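Peer 1: from the sequence below, what's the structure:
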Amino acid sequence: MKTFILFALLGLSCNTFALYEEDNRKDLHEVTDPQLKKVASAIAYQIEFVELSGWKFNRFWTMVMEPFHQRGICAEEKFSNQLSMRNNCTGILVSPKHLLTAGNCITEHYCSNDLYYWVFDYNLKSDAPFVEKHHSKNFYQCEKIVKRAFDRNTGISYALMELKKEVKGITPVKFRQSGEMAANEELIVLGHPRGLPLKVADQTKVYDQNERLFILNSDITGESRGSAIINAKSYELEGMMIYGTRNYDQAGRDCESSAVYPNNEAQELAIKTSFLKDLL
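Peer 2: Numbering: from 1, shown residues only. Down below sits the predicted model:
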C-alpha cells in the first residue's frame, strides 16, 4: 500500500486529471437523492475577484464566464457548451463560518488581500444555462487561515479558513470522526472540474490507503482541488481531493480531449477527514 501511495505522489500533476472507464460526472439537476442535494448545497466555488463584474458597487455581481470549449477543450467533449470559469478549487462548509479546501488553493496573502471570493449555489438546476448574476450576499471572503499545510513530498494539503460572515441557510457537511473506510466503500465526489458548475460523480472506490491519504478512481479528480468525497451510505465527508493525474490530452490536436484510464490505474489522491478530525 505504501508503495502505491508513493507512486501516486511521484506522478502528481497540478494541471491535469483523469477519467476512469465510463464518465460518471453529472449535473446537480440530474441528482434525485435529497440527502445528496443537501450535501451539495454546502459546496462552494473559489472565484477570483477579477472575474466578478460590478463587485463592491452593486447589489448584484456578475460572474465573468465563457463556454468551456473556448478554454481549449474540444467541442465534442462532455459539458463543452456549458459556461465555465478559470479556477479549479472547491471549498466545503464544515461549520457555519468555516470552509475546508486544499492547501494549494489559499494562502495568508490571498486571504488578507481579498484576492478570492467563495460562492455557493454554483450549479445547474435544469438544462438551462447557468445565470451569471448573483446577489452580493452570496459571495464570501476569507477572514483568516485557521491552519494550513501544503507539502508535495508527503502529499499533505489542506487549509481551514474562517469566513468574514456566517453562512446562513446551509447545513455544514458532517464528517467521519472515527474508524476507517472499508476497501469496498462506495464514494461520491462533488466538485468543480476546470471551473465548471458543480459536478457529481458516483461509482467511486478506494484503491489504496494509509492513515492520512487514499487513492480513488473518481472522474471528478484530484486536479479539482478541494472537491468533497462523500460516503454514499452515511453522507459523511470521508476526504478531500488534493492531486490528480492526466485527464485531457491534446494528442497532436489544437484542443484537448479526454484521456481515459482503467480503474486499476487510479491515481487520484485525497486526504482523509479522519486525519483532520482534530482540526475540524
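
Peer 1: please name the nearest non-neighbouring residue to the spatially most central residue of the chain.
Peer 2: Nearest to the mean C-alpha position of the chain, counting by C-alpha atoms, centre = their mean, stands Ser227 at 2.4 Å. Leaving aside its sequence neighbours, Ser227 sits nearest to Gly191 (C-beta to C-beta, 6 or more residues apart in numbering; 2.7 Å). Just so you know, the C-beta spots here come from the backbone N, C-alpha and C atoms, and that holds for glycine as well.

Peer 1: would you mind measuring from that neighbour to Ser178?
Peer 2: Going from Gly191 to Ser178 by C-beta to C-beta, to the nearest Å gives 25 Å.

Peer 1: try Asp254
Peer 2: 51 Å.

Peer 1: now do Ile47
Peer 2: Remark: distance between Ile47 and Ser178 (C-beta to C-beta) = 35 Å.

Peer 1: give me the residue ranges of the stretch 151-280 of the chain where confidence is low.
Peer 2: The model of the stretch 151-280 of the chain has pLDDT under 70 over residues 245-252.

Peer 1: can you give me the helices for it?
Peer 2: In the stretch 151-280 of the chain, no segments count as helices under DSSP state H, counting those that start in this stretch.

Peer 1: what segments of it are strands?
Peer 2: Taking DSSP state E, counting those that start in this stretch to define them, one finds strands in the stretch 151-280 of the chain at 157-163, 187-191, 199-204, 206-209, 213-216, 228-231, 237-243, 248-249, 257-258, 260-261, 268-272.

Peer 1: would you confirm that Glu185 contacts Tyr207?
Peer 2: No - using C-beta atoms under 8 Å, Glu185 is not in contact with Tyr207; the gap is 11.3 Å.

Peer 1: Glu66: how many residues sit nearby?
Peer 2: If you count neighbours by other C-beta atoms under 10 Å, Glu66 ends up with 12.

Peer 1: who are the contact partners of it?
Peer 2: Leu83, Ser84 (C-beta atoms under 8 Å, 6 or more residues apart in numbering).

Peer 1: next, it: phi, psi?
Peer 2: Per-residue torsions, Glu66: phi -150, psi 160 (degrees, to the nearest 10).

Peer 1: cool, and Val50?
Peer 2: The phi/psi pair for Val50 (degrees, to the nearest 10) is phi -70, psi -10.

Peer 1: now the top strand by length along the chain, how far from the centre of its chain.
Peer 2: Longest strand of the chain, by residue count under DSSP state E: strand 142-150. Relative to the centre of its chain, strand 142-150 is centred 17 Å away, using C-alpha atoms, centre = their mean, to the nearest Å.

Peer 1: now the angle from that strand to strand 268-272?
Peer 2: Per axes from the mean of the first three to the mean of the last three C-alpha atoms, to 10 degrees, the angle that strand 142-150 makes with strand 268-272 is 110 degrees.

Peer 1: how about residues contacting strand 142-150?
Peer 2: Residues outside strand 142-150 that contact it (C-beta under 8 Å, 6+ apart): 98, 102-104, 106-108, 110-111, 114, 116, 118, 156-164, 279.

Peer 1: if we go to 7 Å?
Peer 2: 103-104, 106, 108, 111, 156-164, 279 (C-beta atoms under 7 Å, 6 or more residues apart in numbering).

Peer 1: from those, list the buried ones, please.
Peer 2: Among the contacts of strand 142-150, the ones that count as buried by 16 or more other C-beta atoms under 10 Å are Gly103, Asn104, Ile106, Cys111, Ile156, Ser157, Tyr158, Ala159, Leu160, Met161, Leu163.

Peer 1: quick check: the farthest pair among these?
Peer 2: With C-beta to C-beta as the measure, no two of the buried ones among the contacts of strand 142-150 lie farther apart than Ile156 and Leu163, at 23.2 Å.

Peer 1: list the contacts of the residue nearest to Tyr122 when sequence neighbours are not counted.
Peer 2: Leaving out its chain neighbours, the residue that sits closest to Tyr122 by C-beta to C-beta, 6+ apart is Tyr45, at 4.3 Å. Residues in contact with Tyr45 (C-beta under 7 Å, 6+ apart) are Thr90, Trp118, Val119, Tyr122, His192.

Peer 1: could I get these as a markdown table with secondary structure and neighbour count?
Peer 2: As requested, the contacts of Tyr45 are arranged in a markdown table below (DSSP: H, G, I helix; E, B strand; the rest coil; neighbours: other C-beta atoms under 10 Å):
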| residue | secondary structure | neighbour count |
| --- | --- | --- |
| Thr90 | strand | 30 |
| Trp118 | strand | 24 |
| Val119 | strand | 18 |
| Tyr122 | coil | 23 |
| His192 | coil | 28 |
